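A.B. asks: Test case, fold it:
(one chain, ligands or ions: 1)
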Amino acid sequence: MIVYAYDKGEYITLEESLKRQPEGKRAIYVNLTNRCTCSCTFCLRSMKKMAEETTLWLKKEPTVAEVQALLDAAPWDYVGEVVFCGFGEPTERLEDLKNLLAYVKQTHSDVLTRLNTNGLSDLSYGRDTAPDFKGLLDTISISLNASNKERYLELTRSRFGIQSYDAMLQFAQRCKQYVPNVVLTVVDHVEDSEEIAKCRAICQERGLTLRVRVYEDS
Ligand code: SF4
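C.D. replies: Predicted structure coming up:
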């Protein structure tokens, strides 16, 4: 699936989402790529089995026009937020991602936008990428994962090595200038309460919000 919804641990089609929840707003998700600069030990890509009709494994990455067509067909009266997420790192397609965020903002200015990211796009592109999101995102959710660079690398197996943690934190701080809500996340069952308390302190020091994600939460 390229554009999909989520319900109680399941990735579902938009039609199925409307059947299960005929009223009210919901988030819809856009799956642009399966590529990622990390290989996290807890990544659902390697753990979750999926039915053919609802798999997030892409046979081929969709073009911007293909995603626009799918977005055009979405039930917008029932959409409160569009989240770029999926089974991979959306910033691997940074220009396409920005074009699609702009498309959502132009066509549905009342709908919120969010990016779920590993926060390593500065390292991917060798520049400060936070300004790219100015005016395009309401929320950026960045995976903090750990309270120190060694543990972070152990968990994420980032292709950029030990510099990754500091680069991700610097990106998060820069995003505060351009994105109204900057949220850092840590997965509940991956880290213990002591580690989560340290993550909370790191966020507090930097004026960032921490969200403890339930494993499998979108
Ligand atoms: S950053 Fe996300 S998509 Fe990439 S390996 Fe980690 S959990 Fe998977």
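A.B. asks: Could you report the neighbour count for residue 16?
C.D. replies: 16 (other Cβ atoms under 10 Å). To be clear about C-beta, it is placed using only N, CA and C from the backbone, and glycine gets the same treatment.
A.B. asks: Name the SS class of it, please.
C.D. replies: helix (DSSP: H, G, I helix; E, B strand; the rest coil).
A.B. asks: close enough to count as contact, it and residue 6?
C.D. replies: No: Residue 16 is beyond contact range of residue 6, at 10.7 Å (criterion: Cβ atoms under 8 Å).
A.B. asks: what does this structure have sitting close to the ligand?
C.D. replies: 36, 38, 39, 40, 43, 45, 88, 89, 118, 143, 156 (Cβ under 6 Å from any ligand atom).
A.B. asks: contact partners of stretch 137-145?
C.D. replies: The contact list for stretch 137-145 (Cβ atoms under 8 Å, 6 or more residues apart in numbering) reads 40, 81, 101, 112-119, 133, 151-152, 155-156, 168-169, 171-172, 175, 178-187, 190-191, 199, 202-203, 210-211.
A.B. asks: Just the ones in helices from those residues, please.
C.D. replies: 101, 151-152, 155-156, 168-169, 171-172, 175, 199, 202-203 (DSSP state H).
A.B. asks: related to what we said a few turns ago, please spell out the PyMOL selection for the buried subset of the contacts of stretch 137-145.
C.D. replies: Of these, the buried ones go into a single PyMOL selection, burial set by 16 or more other Cβ atoms under 10 Å:
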select buried, resi 40+81+101+112+113+114+115+116+117+118+119+133+152+155+156+168+169+171+172+175+178+179+182+183+184+185+186+187+190+191+199+202+203+210
